[in-house]
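output the structure for:
(2 chains)
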There are 2 protein chains.
Amino acid sequence: MDTTQIVGIVAGILTASSLLPQVIKTYREKKADEVSIVMLLVLMAGVALWIVYGFLRDDMPIIVTNCFSLAVNLTMIGLRLKYGHKK
Amino acid sequence: MDTTQIVGIVAGILTASSLLPQVIKTYREKKADEVSIVMLLVLMAGVALWIVYGFLRDDMPIIVTNCFSLAVNLTMIGLRLKYGHKK
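Here you go, the predicted structure:
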């Protein structure tokens, strides 16, 4: 594996898992009014399209990392709906 | 341009701009304690590495979209530091 591939993989892991700290924080504090639901929905649409793109190009790393992102994203949308009272 | 490319470009625009609604919301409400600073820092590291990856592969779309993401991300980090009082 060359440097470029390693940089790409680390970059992918970081961006795919970036929403995890938000999930943990919201789960602990049980408050989410200040988190933008529009951000979560735009991200969901983008990540879902990346999965489609991965299937169209038969690119397994893109499919796998974005399926992980989608799962974290959907969890955060659930927490936002549960703990957020404002739109 | 074929379907695959269009799906990829739309996916890239959506994920790159997903943090914008959060910036707008936080700027308006002037509250950010519930937004995870760790999320923003992990995302910053990931996006910065995507830019390095773009340069290593001479991939202009990756460089451009991630520079945009980084600018939005740094703006949000600034708002988080200004309007968030908890760590």
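
show me the shaky parts of chain A.
A:86-87 (pLDDT under 70).

residue nearest the centroid of it?
Central residue of chain A (CA atoms, centre = their mean): A:Ser69, 3.3 Å from the mean position.

quick check: which element contains that residue?
Secondary structure from DSSP states H and E places A:Ser69 in helix A:60-83.

between helix A:60-83 and whatever helix or strand A:Ala16 lives in, find me the angle.
Assigned by DSSP H and E, A:Ala16 belongs to helix A:3-17. Per axes from the mean of the first three to the mean of the last three CA atoms, to 10 degrees, the angle that helix A:3-17 makes with helix A:60-83 is 20 degrees.

after helix A:3-17, next one along is what?
Downstream of helix A:3-17, the next assigned helix or strand under DSSP H and E is helix A:20-29.

angle of that next one against helix A:60-83?
20 degrees.

contacts for helix A:20-29, please.
Here helix A:20-29 makes contact (CB atoms under 8 Å, 6 or more residues apart in numbering or on different chains) with A:32, A:35, A:72, A:75-76, A:79-80, A:83, B:34-36, B:38-39, B:42. From N, CA and C alone the C-beta is placed, and that goes for glycine too.
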